[in-house]
Every structure is written in structure tokens, then in C-alpha cells.
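[1] Predicted model and sequence below, questions to follow.
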Amino acid sequence: MSGDRRPAGALEAEVLAVLAAAGQPLTPGQVQQRLAGRPEPDLAYSTVVTILSRLHVKGLAVRQRSGRAFAYAPVDEASFAASQMSQALDAGPGHDAVLARFASGLSSRDARLLRDLLGEDAGAPGGAGPPGGAGPPGGQS
């Protein structure tokens, strides 16, 4: 019945909530176990794997090998926003023009913060990058 369908994204939101509450990476089996206490019917293992894989592709979760499976953790909001900004910049018709337009729209506070973050390497090719290196936390893919 169509009235029994979950709203779009509801399962993803539930899985993200489980990952966030765990405070450590979880395998699909661990996520499945933690979701088992819900009033809704239990999810099949393959459904949990699909949801976690989609979250990873969307940049909402990072994963690392854990035996034969992956263990997943949520991406923090700042990392997700930075990833979205990078993707938008790379998708633009003119990388330099898009970056220049973005920088010209920054408030003086944000421009100062960006200069501070880039530090003395701002003039070096490629810039200094974000503190702690680029990419998702822990270098996970």
C-alpha cells in the first residue's frame, strides 16, 4: 500500500542518527542490530548495506575497511559543506572565475578568516589547503 511507505530519506536519516549516536564507526551488521528496536519491521542486511553505500556516495558518511566489510561513520557538517563547495567549484564553467566570484562575495570577517587559514602559503601554487590536510577525516574514502 502506498500509505505505508516511508517518506523519502527517512531510512537514511535513521541510519545517520544511529551512526552519530555510536560515536565510532559501525559495520552494516552493527547498524542493523541497532535499528532492530524500532517499531517498523527489521531491515534486511542488504538494505542496510545499500543505505550506507548511498550515504557514502553522497558524502554524508566515510568508510574504512573492517575485516571483509566496511565500517561507516557520519561526516561532520563542516566537512560535508566543504565537500559540497569543492564539488560546486569543480563543476563550474571556469574554476578561477567561480573562485574569484566566491571570494569577492565574502564578508570582511570571512575574508580575514580565510587569509588566516591560508597563512603565509597563500601565494604558493595550490595554496596551503585546510588545516590537517585535505579530504575526509582520517583520510578515509
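    Structure received. Numbering: from 1, shown residues only.
[2] Now for residue 35, how many residues are close by?
    Here the number of neighbours of residue 35 (other C-beta atoms under 10 Å) works out to 19. Just so you know, the C-beta spots here come from the backbone N, C-alpha and C atoms, and that holds for glycine as well.
[3] ok, it touching residue 14?
    Yes. Between residue 35 and residue 14 there is a contact under C-beta atoms under 8 Å: 6.6 Å.
[4] Residue 32 contacts residue 49, doesn't it?
    No. With contact defined as C-beta under 8 Å, residue 32 does not count as touching residue 49 (9.0 Å).
[5] OK, contacts around residue 60?
    12, 16, 74-75, 80 (C-beta atoms under 8 Å, 6 or more residues apart in numbering).
[6] And for residue 19?
    26, 31, 61, 72-74.
[7] filter those to the buried ones?
    26, 31, 61, 72-74 (16 or more other C-beta atoms under 10 Å).
[8] Which of those residues fall in helices?
    Under the assignment DSSP state H, the buried ones among the contacts of residue 19 contribute residue 31 to helices.
[9] mind giving me TSV with the buried ones among the contacts of residue 19 and columns for distance to residue 119 and pLDDT?
    Below are the buried ones among the contacts of residue 19 laid out as TSV (distance: C-beta to C-beta, whole Å; pLDDT from 0 to 100):
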residue	distance to residue 119	pLDDT
26	37	97
31	40	95
61	31	93
72	33	97
73	29	95
74	29	93
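[10] and the worst-scoring helix or strand of the chain on mean pLDDT, what other elements does it pack with?
    Least confident helix or strand of the chain, by mean pLDDT, DSSP states H and E, is helix 77-91 with a mean of 78. Under the contact criterion of 3 or more C-beta pairs under 8 Å, 6 or more residues apart in numbering; DSSP states H and E, helix 77-91 touches helix 95-104.
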